[in-house]
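Asker: With the sequence up front, the predicted model follows.
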Amino acid sequence: MMDGLKYLPGFLNPKAQEELVARLHDVVSAAPLFTPVMPRTGKAFSVRMTNIGPLGWVSDRTGYRYQANHPELGTPWPEFPESIMDLWNRVSDYAHPPEACLVNYYKGSAKMGLHQDRDEEDFAAPVVSISLGDTAIFRIGGVTRGGKTQSLKLESGDVLVMGGASRLCFHGIDRVLSGTSTLLKDGGRINLTLRRVTKPSFIGMTQLG
Ligand code: MD6
Ligand code: FE
């Protein structure tokens, strides 16, 4: 496996998965899923999204960016549940807290094209991904588009850490295998990606965040 890529199958046990889904119900009540569109073309994503944390990732006709507020409600994103912070602290190998958690919801034939996560300032921090619900076929390649790729099945409870040399690898979701999990009452798949967005700042010897 590529340097810096950490695959942790079954990292969350079924009880921990249930508890996380309950927290996500609270999140989606406060910050409903929205359908992002591609920059310029305005073509809709097949996944729906929301975010947790001080910053959230959004996409609209004007581009991709992180912002502090829900694009439709204008309200701040919900705070991180403690369990998500704990998970980051256990797997990220990074000294500062995450600032964003993108919540992707896949239903039916929803998928995600090959992309790099590069809207963050600090690539020293990994992106930590948590999968819940139906199994997904995840594809990962190298740092240039069009290279060799490999597939990985991401099942409910699996955690994937993309750090080090793998941080800027192209990756995407080819498809979700419906009916492979009973975790989500309405089926489908949720993926959480935890990110550090800004560079941690120092004043003298004092770490601010
Ligand atoms: C998904 N995941 O699993 C999409 N990004 O639904 C991602 O785009 C992703 O799994 C960065 C790092 C890990 C990921
Ligand atoms: Fe990604």
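Answerer: Right, received. Where do you want to start? If you're wondering where the values come from, they're calculated on a predicted model, not measured in any experiment. Ligands and ions are numbered 1, 2, ... in the order given.

Asker: what's the weakest-modelled helix or strand in the protein?
Answerer: The helix or strand of the chain with the lowest confidence, counting by mean pLDDT, DSSP states H and E, is strand 202-203 at a mean of 72.

Asker: Now the helix or strand just after that one: average pLDDT?
Answerer: Sequence order places strand 206-207 as the next helix or strand after strand 202-203, per DSSP states H and E. Averaged across strand 206-207, the pLDDT comes to 75.

Asker: Which neighbours in the sheet does strand 206-207 have, and how are they oriented?
Answerer: Here strand 206-207 has these sheet partners by DSSP bridges: strand 202-203 (antiparallel).

Asker: Roughly how far does Gly147 sit from Arg139?
Answerer: Look at Gly147 and Arg139: by C-beta to C-beta, to the nearest Å, they are 12 Å apart. Quick note: C-beta positions are derived from backbone N, CA and C, even for glycine.

Asker: list the buried ones in the longest helix anywhere in the chain?
Answerer: The longest helix of the chain (DSSP state H) is helix 14-30. Neighbour-count burial for helix 14-30, counted by 16 or more other C-beta atoms under 10 Å, picks out 17, 20-21, 23-24, 27-28.

Asker: The helix or strand following it and ligand 1 in contact?
Answerer: Of the helices and strands lying after helix 14-30 in sequence (DSSP H and E), the nearest is strand 48-52. No - counting by C-beta under 6 Å from any ligand atom, ligand 1 is not contacted by strand 48-52; separation bottoms out at 10.3 Å.

Asker: isn't Val197 right next to Pro97, touching?
Answerer: No - under the criterion of C-beta atoms under 8 Å, Val197 is not in contact with Pro97, lying 10.8 Å apart.

Asker: okay, Gly147 and Arg139: which has more neighbours?
Answerer: Counted by other C-beta atoms under 10 Å, Gly147 and Arg139 do not tie: Arg139 has more neighbours, with 17 against 10.

Asker: sec struct for Asn89, please.
Answerer: Following DSSP: H, G, I helix; E, B strand; the rest coil, the label given to Asn89 is helix.

Asker: how many neighbours does it have?
Answerer: Burial measure for Asn89: 13 neighbouring residues, criterion other C-beta under 10 Å.

Asker: hang on, the earlier thing: take the buried residues of helix 14-30 and lay them out in TSV including pLDDT and distance to ligand 1.
Answerer: Written out in TSV, the entries for the buried residues of helix 14-30 read as follows (pLDDT from 0 to 100; distance: C-beta to the nearest ligand atom, whole Å):
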residue	pLDDT	distance to ligand 1
Gln17	98	15
Leu20	98	15
Val21	98	16
Arg23	98	18
Leu24	98	14
Val27	98	16
Val28	98	16
